[in-house]
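**Q** Got a predicted structure here, sequence first:
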Amino acid sequence: MTTISLKRLARRAGLITAGMLLAQTALSGGALADERADLMAKHRGGTITLSAVSAAGTVDPMINYTGQFWQIFQLTYDGLVKFKQAAGTEGFDIVPSIAEEIPKPTNDGKTYVFKIRKGIKFSNGKDVTPADVVASFQRIFKVKGPTTGSFYNGIVGADKCIADAATCTLDGGVVADEAAGTVTINLTAPDSEIFSKLAVPHASILPADAPLADAGTTPIPGTGAYYIDSYNPNEQMVMKRNPHFKEWSVDAQPDGYADEIVYKFGLTEEATINAIINGQIDWMFDTPPSDRLAEIGSKYASQIKIDPLAAFWYAPMNTNLPPFDNVKVRQAVNYALDRDALVGLFGGEALAQPTCQILPPDFPGHVDDCIYTAEPGPAWAGPDMEKAKALVEESGTKGQKVTVIAEDNATSRGIGTYLQSLLTELGYDASMKAISPNIQFTYIQNTNNKVQMSISQWYMDYPAASNFLNVLLSCASFTPGSDSSINISGYCNKDLDAKMKEAMTLALTDPDGANAKWAEIDKGFMEQAPLAPLFTPKSVNFTSARLGNYVFNKQNRWIISQSWVK
């Protein structure tokens, strides 16, 4: 299919969808606290059935870095602190979880003493102790988690753990006092984002005897209201009530309504939509294909929820492999992209908006700015193919082979085909390969696979500019030969690295000043173009008619445990 026909198809789908769907969030504020007992008595029980085209890889919460399974980890694991399980922007609030309270810093902002709650048990029946907490932080480094260098490198002793993971002790960094029931975390310098980093699944508290390697398909016991009973990435995941769970905080880990949650893998988007309509499946993870959106948006409007996300879809370009080791080629791709067409492929303007920068709109550090457009300014105005082709000619790379790696689902395949067509138009010998979403994310991170260009998405871990720029593009986030090298472009700019460290330090005393610096850093990275931003999406959730109490959390999306089935 030619580039022109792809663009026309994309725009047509976008216009239909925008006209048929209501672009609004269907938020249920959730049950009020004093109503929960009555609602639990009325709605407790049954099985919620979820569906996705593919699983999302390992179920190890310290290694998995996908929004798909982070959503699952909210109801199966807990950290010392956690993002509040509540609707809307309340989901950005951090609340105590395994810890009794959020401690105040001492030692000039470098020391935190956490009192560990008594009575919390893992799903295997063992009590959670300070020793488990210490072992869990050591394990983050021993399994070489993807955020060791960007989230947890400020803990005392982390440098030694990063250098030699096998012997990691975090000596002096994470210290247990069993008699006092406390765990002390010492940092090398104050960190304004420390509680956010402790609230994500990579800092889950696991049993001290958890395996010191990727758990893969074997679930590790957790503390949540549910536990993962079984997992076969080719078939399904089954979650059941944790028999040892007693609700200690409705904000951190509320008891759930369903007795069982079954997550099926392998059905196509089309088959899943039909199953939801027939009441056989209750929710789909994947975005409905654009050619079905008009139908379900009109016939089943009450079952469609469209929720805003702090996220972007982007195309990482490997800055260490031809032709993308040439900055002119990377800039050419950014100039050439028809971002309206890409929005259309995602479902239209009701579901996404074009972007040509890294930080999403209405996000800390974001300042409207687009340098890769026909009319540079605050917003994307259209592609500049003439400029793009001139840059390719100047680069001397015309005719080289380029392969785009996409996920094997309808949306990603469509975008991959578009990028292939675009690269061909720019003069390259381009091809596209779609692989299972179960492995695509780890595959494109590993330098051994020599991926030149890929399609990926980034959903915030927490609302801070560093969570996009520092995590995705810092030198510390690039680990050659690893499946957990989140800097997929392999880009390392020491000057921008230094500026990011300055911004993170400034955030301790001057958050507004830090955000101004982040805006400059965003533009600095885009000038070098290690990636091509495509669009910022909204979450499209299609649920069954029998699913009730849908609660959308802006931090971790739909709170599965708080829905019931009739």
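**A** Good, I have the coordinates. Residues are numbered from 1 along each chain as shown.
**Q** which residues in the stretch 451-566 of the chain form strands?
**A** 453-454, 456-459, 531-542, 547-548, 552-553, 557-558, 564-565 (DSSP state E, counting those that start in this stretch).
**Q** which helices and strands sit right next to the third one?
**A** Based on contacts counted as 3 or more C-beta pairs under 8 Å, 6 or more residues apart in numbering; DSSP states H and E, the elements that strand 531-542 packs against are strand 283-284, strand 304-308, strand 311-316, helix 327-336, helix 339-346, strand 352-354, strand 557-558. C-beta coordinates here come from the backbone N, C-alpha and C atoms, glycine included.
**Q** how about these in CSV, adding mean pLDDT and distance to residue 184?
**A** Formatted as CSV, those follow (pLDDT from 0 to 100; distance: least, C-beta to C-beta, whole Å):
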stretch, mean pLDDT, distance to residue 184
strand 283-284, 97, 41
strand 304-308, 86, 38
strand 311-316, 97, 35
helix 327-336, 98, 45
helix 339-346, 95, 46
strand 352-354, 95, 45
strand 557-558, 93, 33
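**Q** Could you identify which of these is most buried?
**A** helix 339-346 (a mean of 26; mean count of other C-beta atoms under 10 Å).
**Q** That helix - contacts with which helices or strands?
**A** Using 3+ C-beta pairs under 8 Å, 6+ apart: helix 339-346 touches helix 3-20, helix 290-299, strand 352-354, helix 410-425, strand 531-542.
**Q** Mind telling me which of those the model trusts least?
**A** Lowest mean pLDDT of the helices and strands packed on helix 339-346: helix 3-20, a mean of 36.
**Q** next structured bit after that one?
**A** helix 36-43 (DSSP states H and E).
**Q** Quick one: low-confidence residue ranges for the protein.
**A** By pLDDT under 70, the weakly predicted segments of the chain are 1-33.
**Q** right, and residue 64 touches residue 70 too?
**A** Yes. Counting by C-beta atoms under 8 Å, residue 64 touches residue 70, with 7.3 Å between them.
**Q** quick one: which of these two has more around it?
**A** More crowded of residue 64 and residue 70, by other C-beta atoms under 10 Å: residue 64, with 24 against 21.
**Q** Now name the helix or strand holding the nearest residue to the more buried one once chain neighbours are set aside.
**A** The spatially closest residue to residue 64, leaving aside those adjacent along the chain, is residue 58, at 5.1 Å (C-beta to C-beta, 6 or more residues apart in numbering). Following DSSP H and E, one finds residue 58 outside all helices and strands.
**Q** Could you number the chain from 21 rather than 1 from now on?
**A** OK, 21 is where the count begins now, so the last one is residue 78.
**Q** Residue 78: how many residues sit nearby?
**A** Burial of residue 78 is recorded as 24 neighbouring residues (other C-beta under 10 Å).
**Q** For it, which residues are in contact?
**A** 84, 234-237 (C-beta atoms under 8 Å, 6 or more residues apart in numbering).
**Q** can you do 6 Å?
**A** Residue 78 makes contacts with 84, 234, 236, as judged by C-beta atoms under 6 Å, 6 or more residues apart in numbering.
**Q** Residue 338 versus the first one, what's the distance?
**A** As defined by C-beta to C-beta, to the nearest Å, residue 84 lies at a distance of 23 Å from residue 338.
**Q** Also the last one?
**A** Taking C-beta to C-beta as the measure, residue 236 falls 27 Å from residue 338.
**Q** Which one of these two is surrounded by more residues?
**A** Higher neighbour count among residue 236 and residue 338: residue 338, with 23 against 14, using other C-beta under 10 Å.
**Q** gap between the more buried one and residue 519?
**A** 23 Å.
**Q** and if you look at residue 526?
**A** Going from residue 526 to residue 519 by C-beta to C-beta gives 10 Å.
**Q** What separation do you get for residue 328 and residue 102?
**A** Distance, residue 328 to residue 102, using C-beta to C-beta: 22 Å.
**Q** no, scratch that, I was asking about residue 281
**A** Distance, residue 281 to residue 102, by C-beta to C-beta: 19 Å.
**Q** and these two? which has more neighbours close in?
**A** When residue 281 and residue 102 are compared for neighbours, residue 102 comes out ahead with 29 against 25, by other C-beta under 10 Å.
**Q** List the contacts of the residue lying closest to the more buried one once chain neighbours are set aside.
**A** The spatial neighbour of residue 102 that comes closest, neighbours along the chain excluded (C-beta to C-beta, 6+ apart), is residue 117 at 4.0 Å. For residue 117, the contact set (C-beta under 6 Å, 6+ apart) comprises 98-99, 101-102, 272.
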